[in-house]
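> curious how this folds, go ahead:
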Amino acid sequence: MPAASGSSCGRVRSSRWIRLKRPRPDERARGGPMPGYIEDRWMTKKPDPKTGEKRKTQRWGQGKRYRVAGIPGVKDRSFSKLHGPEGANAWLAKAQHESASGEFVDPRRGQMLLKEYIEQEWWPRRDYENPTTEHTVKGRVWNHVIPHLGDYQLNAIKTAQLGEWLVTLKENVGPGTANEAWGYLSSIFQSAIDDERLTRNPCRKQTTLNVPSKPPVKPRAWPKYQVLAVQAAMDERFQLCVDLGVGAGLRSSEVFGLSVDDVDFEGGRILVRRQVKKVGAKLAFALPKGEKTREVPVPDYLLKRIEEALQRRPAQQVTLPWKDPRPPKTEREAKERKPQTHALILTAARGGALRRDGFDTRIWKPALAAAGVIPPPKETKQPMSHRPGLSRTVLTYVESRENGFHALRHTFASVQLDAREPIVAVSKWLGHADPSITLRIYAHMMPEADGRGRSAMQNWFANP
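Now for the predicted structure:
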């Protein structure tokens, strides 16, 4: 009778069960062989008692022949005859080593589609306190990641796929949006690593792809004539927006949330205590950016402009939920999101709060074009779905981030710094979290040194 193959570690026996009999040095240190075995499912485990030869099982020639099993925490894996017992044995050794060190990741867990992983595992675990941030992140992922990479398996997205995606991304969005989308995709891959679906993040340490970087924005103050020209091109109802942006450094959302009670006419200051922010398609009141309120000293001219605006159009009572317009799910959320009512100085034509996107397209950009700051809009005709045969004119303005409403805020900072107001004070008025932020943004606007420091040092040395 032919004897069974030897039991040396490097050989593969023809029995149904293949075990590593001789422990490696690291196995001896653990006190014995590492768990795991290879099963040949086409042959019986024991030889025929009469002939002493192995017998074919009912599965002979069907399905994958070799199965690796018995490793704690590792799902069984099958190998075809083409790979042979050598392939199964190599994977067994690798899985044993990684399982013992706690680093094993089953490659099959990475076969989940990217869009399924995002929808079923990654997104449900996101918990953004700020609903605006949640809306922004979801928009970037659902608009720029899933449509292009969603049908790939997680472990199939490599440099080639990322390169093709970046080309498409750069053709359709600006570098800032592309940079954000890349960052969110990297975060998704990192989460998949934590979920033991991947072993590496293909977005990390990329050296062959030209990953878009967020373009640096150098704030630029407007000259006085440009401020006045844009203001003059606006409807009189909204001209106060320009005064508040230049005279108090308010953001547009803070201008829209300013109430009569926030203006201290006697103390000559404005209390910036809320903003109107857009969450999805709805509006809500919220604390200013950075979750902090502030006080801004303002000139008599601005106070007079506010009084004149209120005489022409009294403040309107506006009620909005606080921070999050979505229906509350708990009593705590209901309490936190309880609607507030404020007498807003600037409101929409029908009395509601102004929307930043509507203000930008209907008021701000037309004024920029009328003042010659940006080119005239491009006119196109679009068919009206509810009135067949008719069309409407659509005006499309060029994108001009440097000429957004924030330019008024930059102008406010420029005037204050040029007047040599302390950087700490300007930072406080702007609502920055730290003066270093103000210095980083507006350092180029600070006046040149005029020798006063040199004179001070001369006096210090000359007067013992």
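> and residue 432, what's its pLDDT?
Looking at residue 432, its pLDDT is 88.
> could you pull out the strands for the stretch 51-200 of the chain?
Counting by DSSP state E, counting those that start in this stretch, the stretch 51-200 of the chain has these strands, from start to end: 66-69, 77-79.
> number of nearby residues for residue 273?
When neighbours are counted by other CB atoms under 10 Å, residue 273 registers 19. Backbone N, C-alpha and C define where each C-beta goes, glycine included.
> most centrally placed residue in the protein?
Nearest to the mean C-alpha position of the chain, counting by CA atoms, centre = their mean, stands residue 137 at 4.5 Å.
> which ones are touching that residue?
Listed by CB atoms under 8 Å, 6 or more residues apart in numbering, the contact set of residue 137 reads 126, 128, 184.
> how much space separates it from residue 187?
Distance, residue 137 to residue 187, using CB to CB, to the nearest Å: 9 Å.
> residue 69 now?
Look at residue 69 and residue 187: by CB to CB, they are 35 Å apart.
> likewise residue 143?
Counting by CB to CB - residue 143 and residue 187 are separated by 16 Å.
> across the sheet, point out what pairs with residue 276.
residue 285 (DSSP bridges).
> could you report the pLDDT at it?
pLDDT, read off for residue 276, is 95.
> mind listing what it touches?
253, 256, 257, 283, 284, 285, 320, 353, 354, 355, 356.
> so which strand or helix has the first one?
The one in question is residue 253. In this structure, residue 253 sits in helix 252-256 according to DSSP states H and E.
> for that helix, which helices and strands make contact with it?
Helix 252-256 sits against helix 239-248, strand 275-279, helix 356-359, with contacts defined as 3 or more CB pairs under 8 Å, 6 or more residues apart in numbering; DSSP states H and E.
> wait, which of these is closest to residue 426?
Closest to residue 426 of the helices and strands packed on helix 252-256, according to CB to CB: helix 239-248, at 12.3 Å.
> before we move on, back to that, among the strands of the stretch 51-200 of the chain, which comes closest to residue 214?
Of all the strands of the stretch 51-200 of the chain, strand 77-79 sits nearest to residue 214, with 42.8 Å by CB to CB.
> name the member of the contacts of residue 276 with the most neighbours.
Going by other CB under 10 Å, residue 257 tops the contacts of residue 276 with 29 neighbours.
> where does the prediction get shaky in the stretch 201-350 of the chain?
215-217 (pLDDT under 70).
> so where do the strands sit in it?
So, for the stretch 201-350 of the chain - with DSSP E, counting those that start in this stretch - the strands run 263-264, 269-272, 275-279, 282-286, 294-297, 316-320, 340-344.
> wait, which of those strands is closest to residue 120?
Short answer: strand 275-279, nearest of the strands of the stretch 201-350 of the chain by CB to CB, at 24.4 Å.
> tilt between the closest one and strand 282-286?
Interaxial angle, strand 275-279 versus strand 282-286 (axes from the mean of the first three to the mean of the last three CA atoms, to 10 degrees): 140 degrees.
> mind listing what's buried in strand 275-279?
Residues of strand 275-279 classed as buried: 275, 276, 277, 278, 279 (neighbour count, 16 or more other CB atoms under 10 Å).
> likewise stretch 183-195?
Of the residues in stretch 183-195, 184, 185, 186, 187, 188, 189, 191, 192, 193, 195 count as buried by neighbour count, 16+ other CB under 10 Å.
> how much space between the first one and residue 131?
Spelled out, it's residue 184. For residue 184, the distance to residue 131 - CB to CB - is 17 Å.
> next one: the third one
Here the criterion is CB to CB. By it, residue 186 lies 23 Å from residue 131.
> any stretches of the stretch 1-150 of the chain with poor pLDDT?
Residue ranges of the stretch 1-150 of the chain with pLDDT under 70: 1-35, 37, 70-75, 81-84, 86-87, 91-92, 94-108.
> let's see 90
1-112, 121, 124-139 (pLDDT under 90).
> sorry, back to before: residue 44: which of the buried residues of stretch 183-195 is nearest?
Once CB to CB is applied, the member of those that ends up nearest residue 44 is residue 195, at 39.7 Å.
> ramachandran angles for residue 425?
Taking degrees, to the nearest 10, you get phi -70, psi -50 for the backbone angles of residue 425.
> can you count the residues close to it?
Residues lying near residue 425 (other CB under 10 Å) number 13.
> and residue 182, by the same measure?
24.
> measure it to residue 188 for me?
11 Å.
> kindly report the same for residue 124.
Per CB to CB, residue 124 is found 13 Å from residue 188.
> so residue 173 sits against residue 144, correct?
Yes - the pair residue 173 / residue 144 is scored as a contact, 6.7 Å apart, by CB atoms under 8 Å.
> of those two, which one has the most company?
A direct count of neighbours by other CB under 10 Å for residue 173 and residue 144 places residue 144 higher, at 22 against 17.
> the more buried one against residue 169, yeah?
Yes - counting by CB under 8 Å, residue 144 does reach residue 169; the two are 6.2 Å apart.
> which residues are common contacts for the two?
Going by CB under 8 Å, 6+ apart, residues that sit against residue 144 and also against residue 169 are 178, 181.
> so what's residue 405 closest to, chain neighbours aside?
For residue 405, ignoring the flanking residues on the chain, the nearest one in space by CB to CB, 6 or more residues apart in numbering is residue 252 at 4.3 Å.
> wait, what's in contact with that neighbour?
Shown in contact with residue 252 (CB under 8 Å, 6+ apart): 241, 245, 356, 359, 405, 406.
> swap the cut-off to 7 Å and go again
356, 359, 405 (CB atoms under 7 Å, 6 or more residues apart in numbering).
> nearest to residue 269, of those?
residue 405 (21.7 Å).
> that closest one: neighbour count?
Residue 405: 19 neighbours (other CB under 10 Å).
> what pLDDT is listed against it?
Per-residue confidence (pLDDT) for residue 405: 93.
> that one contacts residue 245, correct?
Yes - Residue 405 lies in contact with residue 245 (CB atoms under 7 Å); the separation is 6.1 Å.
> tell me who's in contact with residue 302.
Contact analysis of residue 302 by CB under 7 Å, 6+ apart lists 243, 247, 248.
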